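Student: following is a predicted model, sequence given first.
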Number of protein chains: 4
Amino acid sequence: MAGSPRRTGRPRSAAADRAILDATRSALVELGWGRLTMGDVAVRAKVAKTTLYRRWANKNDLVVDAVAVLFDNLRLPDRGSLRADVEGVVLSFAELLERPETKASLMAVVAEATRDEALRGRIRTAIVDRQKHLVVEGRRRAQARGELPADPPGPAGAAEAARTVDLVFDVIAGAVVHRCLVSAERVTPGWARALTTLLLQGLAAPPAPAGDRTADPADPADPADGERDQKPAGSV
Amino acid sequence: MAGSPRRTGRPRSAAADRAILDATRSALVELGWGRLTMGDVAVRAKVAKTTLYRRWANKNDLVVDAVAVLFDNLRLPDRGSLRADVEGVVLSFAELLERPETKASLMAVVAEATRDEALRGRIRTAIVDRQKHLVVEGRRRAQARGELPADPPGPAGAAEAARTVDLVFDVIAGAVVHRCLVSAERVTPGWARALTTLLLQGLAAPPAPAGDRTADPADPADPADGERDQKPAGSV
Amino acid sequence: MAGSPRRTGRPRSAAADRAILDATRSALVELGWGRLTMGDVAVRAKVAKTTLYRRWANKNDLVVDAVAVLFDNLRLPDRGSLRADVEGVVLSFAELLERPETKASLMAVVAEATRDEALRGRIRTAIVDRQKHLVVEGRRRAQARGELPADPPGPAGAAEAARTVDLVFDVIAGAVVHRCLVSAERVTPGWARALTTLLLQGLAAPPAPAGDRTADPADPADPADGERDQKPAGSV
Amino acid sequence: MAGSPRRTGRPRSAAADRAILDATRSALVELGWGRLTMGDVAVRAKVAKTTLYRRWANKNDLVVDAVAVLFDNLRLPDRGSLRADVEGVVLSFAELLERPETKASLMAVVAEATRDEALRGRIRTAIVDRQKHLVVEGRRRAQARGELPADPPGPAGAAEAARTVDLVFDVIAGAVVHRCLVSAERVTPGWARALTTLLLQGLAAPPAPAGDRTADPADPADPADGERDQKPAGSV
DNA sequence: ACTTAATCGAGACGGTACGTCCAGTCTTGTG
DNA sequence: CACAAGACTGGACGTACCGTCTCGATTAAGT
């Protein structure tokens, strides 16, 4: 099992780690990703630049680590209903994105990642998977409450469940990110409610008149339409 | 009126403008935003660096301009039905986002914009508004087809229409961007269809208010709720 | 004889010429050679940069011309005796060198000339020859007064006269320039008198070879000495 | 006391210093002051441009330092007589001035100094004082040999000695510099001998009616005056 | 009066160097 | 060994000037 990879010599200072990450975040808030410099972080952390590079291979890695912890705060307290859970997660995600350090760095990291496979991996594990887990958790909980039907059995069912999770994740996270960072508008409780409504209603199981490739729910001529909406089917 | 803004002196070369923007895009593809340098662009465009700086104040401005035209290609051909139009725009937007120059630059520009009000303005007019127009257009067309109800009359109706457009825009664009750039997965026709279904169904008029077991937490009994910025569903 | 090289078309503005040279000198005073820019001169002269380059090929040529006229003011009024003439020229040359535009430019032009044969030529005709003429003139005048013996006849005599003129010129001009610009000290009347004394006495025919108490190191016993390009004293 | 001015961190490379100064001198020879660029010097010295700017604030300071050491080679070996010493120093100074690096830079530095008090100081200590010391030394030696009278006692004597040194210095250095750089002609042994003769003879104590503060030979009341002029002596 | 041709102001253009800044590495001495 | 300090390479940044080049708009001088 390898054991500790290094045992002799002076151990690394844990205080330094914290100071560096704090300094990185505060620099991020004040300067943004582009203006943030390693030298400045070192000064803020009262640490030599060498110490930074001894722990992180480069600026990207440091900043990603510094940012990742922000996403640790994403929790999904049980608010009692699926709708409350979704609205809650939308609002708390928006709140996170509106913090200047997140705003300044998330897109920058993503941009950097378009050229850097390793960085893409870090983002996936540190951010994406962590968020996606919330969707999985929320769905599981709604199924337990009976708000959503259980997953169909078998590998096909699991695959579809995964697809649904991915879609929901991209819709929620995408809409929130887009509104905050691209459209540059606030996420109000009203907007969160509207998004949630759209989502829950959109996920309701279609009546699926057989033969329709994926059913066009907008077809006003379809008499089954009314029924399908009754069927509270939806799934997340 | 107005008159030509500049009349004396040697006029700027239009050919240089084109060469510079082309060079910028090709450099963007090969190098990405971070590695792109002004000097390199100048060499590619066979132009002096001075000439770049005479037209654009800095790298950001140049790249935004170079990228913005990519969004000109977003069109909304009438595909005959709302569903087809939505699916079409999702796919063509995804196709745009998967082109390396777009991928490399969109997020970087957005990131930069978090610190730069002027840049935010440029993005809004050059990219966001241009895309949002598609939503407006598609909605108008669907109303003409009778697929969607007409806007309620009066300023209140217009405001709600605007809110709906914003929401739909953030959901579509956000989901596509998030899947392409953050989740880093392909937008397949199947995914586009699923997203479209979710969207259309989500926007359909809410089902009969009674007997819905999928919990509408927007308690219809709550009078305050009905009043505020509610009413998201049932219109595009 | 060529005739006027150009007759048709709009003639050049003489006012522009004056304005440019004046502007150059004032820029020289304020900025010095190194900081002076063509663009700035053009602005000061309220003239387009093109107009400068239509008249002078480059910065050097312009500045040399602008500076050269300063040396026009060197005159040699007949002060009645050789000594008075020499002191007068020393003082008036010093006065010229202490004017800021001269100070700022003379050495710069000379420095530039070390790499530029054409510039060296311009300096020679515009400055050096003009000054040297003063020495020739003063000498001629002193000869007329009987203060100096006439030139020996024949080409050998003329050559020696030329050598003496050159030496005297380098001593006077060199000493004044060096004191003003390198030693950076003022040329006072006392200093001028001391220099003149040294010069006149130095050029006097060597005293009786015997009994000189301050050692004449030009050992008359040295045969080699008498032969070569000797004979420096006693004539100008 | 003071202690070492700098103790922590990696010490500056002495090798780099040498390489930079050598590179500067060789660039000076090939390109001259005006064409010399910091980037080129850095390349020649195989050093980053940053390293140049860490040691010298700008081009001027670097070149002055690089040039100053050239003047270290000015020595005054005892050649046995005042005349030999003077001739020797004239020739060796001329030799120095005719080296391309000196020629290219001395005047440029002086020119620059007209605008820059600090640079003037550097020139004084690095060049002027060093040369002036030679005059002092030569004079002292000649006094020891009995070729020149000892300094008059008291502060007045010292002041006069200083004035004489300054004058002699300006005459020698000025004449040599002027001939080399302004007149742009060679300093031949013959010219050196002629200059020396002029100087020694010029400095010989005037027939001097005693009691003259510095022997003003121009005193028209001085009966000796008439004679001196008769003596077909001096001339310009 | 009408042509003609060079001038003029304005400012864009290609180049080149400047002096600054940062990333990431290396080299000291101290704990 | 870790660490602080800071020098080091390499390379881009954005600015400033030079000397050239287009423009359109004036001017004389010659017809």
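Tutor: Sure thing, it's come through. Numbers count the residues shown, from 1 in each chain, chains lettered A, B, ... in the order given.
Student: quick check: residues of chain A near DNA strand E?
Tutor: Contact residues, chain A versus DNA strand E (C-beta under 7 Å from any atom of the strand): A:9-10, A:35-39, A:49-50, A:53, A:57-59. All C-beta spots, glycine's among them, are computed from the backbone N, C-alpha and C.
Student: again, only using 10 Å
Tutor: Within chain A, the residues that sit near DNA strand E (C-beta under 10 Å from any atom of the strand) are A:9-11, A:27, A:31, A:33-42, A:48-54, A:56-63.
Student: out of the residues you listed, who's near DNA strand F?
Tutor: Restricting the residues of chain A next to DNA strand E to contacts with DNA strand F (C-beta under 10 Å from any atom of the strand) yields A:9-11, A:34, A:39, A:42, A:48-54.
Student: could you pick out the buried ones from the residues you listed?
Tutor: Among those, those classed as buried by neighbour count (16 or more other C-beta atoms under 10 Å in any protein chain shown) are A:34, A:42, A:51-52.
Student: quick check: domain ranges of chain A?
Tutor: A:13-55, A:67-204 (automatic domain parsing).
Student: save those domains as JSON lines, and put in mean pLDDT too.
Tutor: What follows is the domains of chain A, written out as JSON lines (pLDDT from 0 to 100):
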{"stretch": "domain A:13-55", "mean pLDDT": "93"}
{"stretch": "domain A:67-204", "mean pLDDT": "90"}
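Student: out of those, nearest to residue D:74?
Tutor: Closest to residue D:74 of those, according to C-beta to C-beta: domain A:13-55, at 45.4 Å.
Student: C-terminal to the helix or strand encompassing residue A:137, which secondary structure element comes first?
Tutor: Here residue A:137 sits within helix A:129-145, counting by DSSP states H and E. Following helix A:129-145 in sequence order, the next helix or strand is helix A:154-177 (DSSP H and E).
Student: report all helices and strands that the very next helix or strand once past that following helix contacts.
Tutor: As assigned by DSSP H and E, the chain's next helix or strand after helix A:154-177 is helix A:189-203. With contacts defined as 3 or more C-beta pairs under 8 Å, 6 or more residues apart in numbering or on different chains; DSSP states H and E, the packing partners of helix A:189-203 are helix A:82-97, helix A:154-177, helix B:154-177, helix B:189-203.
Student: make CSV out of those and add distance to residue B:95 and mean neighbour count.
Tutor: Formatted as CSV, these follow (distance: least, C-beta to C-beta, whole Å; neighbours: other C-beta atoms under 10 Å in any protein chain shown):
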stretch, distance to residue B:95, mean neighbour count
helix A:82-97, 27, 21
helix A:154-177, 17, 19
helix B:154-177, 10, 20
helix B:189-203, 11, 21
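Student: tell me which parts of chain A are close to DNA strand F?
Tutor: A:5-17, A:19-20, A:34, A:39, A:42-43, A:45-55.
Student: ok, residue A:141 touching residue A:86?
Tutor: No. Here residue A:141 lies out of contact with residue A:86, judged by C-beta atoms under 8 Å, at a distance of 11.1 Å.
Student: quick one, what contacts residue A:30?
Tutor: Listed by C-beta atoms under 8 Å, 6 or more residues apart in numbering or on different chains, the contact set of residue A:30 is empty.
Student: can you pull the buried residues of whichever strand or helix holds it?
Tutor: Assigned by DSSP H and E, residue A:30 belongs to helix A:14-35. For helix A:14-35, the buried set under the neighbour-count rule, 16+ other C-beta under 10 Å, comprises A:16, A:19-21, A:23-29, A:32-34.
Student: between those residues, which is nearest residue A:121?
Tutor: Nearest member of the buried residues of helix A:14-35 to residue A:121, counting by C-beta to C-beta, is residue A:33, at 19.1 Å.
Student: after the helix holding residue A:30 comes which helix or strand?
Tutor: Helix A:14-35 is succeeded, C-terminally, by helix A:38-44 (DSSP H and E).
Student: nearest to chain C: which residue in chain A?
Tutor: Minimum separation of chain A from chain C (C-beta to the nearest C-beta) falls at residue A:35, amounting to 32.4 Å.
Student: now the two most distant members of the ones next to DNA strand F among the residues of chain A next to DNA strand E.
Tutor: A:9 and A:34, at 36.5 Å, using C-beta to C-beta across those.
Student: contact partners for the closest residue to residue A:202 other than its chain neighbours?
Tutor: Nearest non-adjacent residue to residue A:202, counting by C-beta to C-beta, 6 or more residues apart in numbering or on different chains: residue B:202, 2.9 Å away. For residue B:202, the contact set (C-beta under 8 Å, 6+ apart) comprises A:197-203, B:233.
Student: got TSV for the residues you listed, with distance to residue B:170 too?
Tutor: TSV is the format used below for the contacts of residue B:202 (distance: C-beta to C-beta, whole Å):
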residue	distance to residue B:170
A:197	14
A:198	10
A:199	12
A:200	17
A:201	17
A:202	14
A:203	18
B:233	15
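Student: max pairwise distance over those: which two?
Tutor: Once C-beta to C-beta is applied, these give A:203 and B:233 as the farthest pair, at 13.3 Å.
Student: coming back round to it: would CSV of the domains of chain A with distance to residue C:93 be doable?
Tutor: Converted to CSV, the domains of chain A look like this (distance: least, C-beta to C-beta, whole Å):
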stretch, distance to residue C:93
domain A:13-55, 56
domain A:67-204, 67
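Student: so which of these comes closest to residue D:72?
Tutor: domain A:13-55 (39.3 Å).
Student: how far does that closest one stretch from start to finish?
Tutor: 11 Å (C-alpha to C-alpha, to the nearest Å).
Student: before we move on, what about stretch A:68-85?
Tutor: Termini of stretch A:68-85 sit 23 Å apart (C-alpha to C-alpha).
Student: ok, that stretch near chain B or not?
Tutor: Yes. Residues of stretch A:68-85 contacting chain B under C-beta under 8 Å from any C-beta of the partner chain: A:81-84.
Student: can you tell me the residue of chain A closest to DNA strand F?
Tutor: Residue of chain A nearest DNA strand F, by C-beta to the nearest atom of the strand: residue A:9 (2.6 Å).
Student: that residue in helix, strand or coil?
Tutor: coil (DSSP: H, G, I helix; E, B strand; the rest coil).
Student: how near is it to residue A:20?
Tutor: 20 Å (C-beta to C-beta, to the nearest Å).
Student: over to residue A:167?
Tutor: Counting by C-beta to C-beta, the gap from residue A:167 to residue A:20 is 38 Å.
Student: just give the closest residue to the closest residue to chain D within chain A, not the sequence neighbours.
Tutor: Residue nearest to chain D within chain A: residue A:48 (9.9 Å; C-beta to the nearest C-beta). Leaving aside its chain neighbours, residue A:48 sits nearest to residue A:42 (6.2 Å; criterion: C-beta to C-beta, 6+ apart).
Student: surely the one you found touches residue A:49?
Tutor: Yes. Judged on C-beta under 8 Å, residue A:42 makes contact with residue A:49 at a distance of 4.5 Å.
Student: quick one, what contacts the residue nearest to residue A:175 when sequence neighbours are not counted?
Tutor: Leaving aside its sequence neighbours, residue A:175 sits nearest to residue B:174 (C-beta to C-beta, 6+ apart; 4.2 Å). Applying C-beta under 8 Å, 6+ apart to residue B:174 gives the contacts A:171, A:173-179, A:182.
Student: sounds good, over and out.
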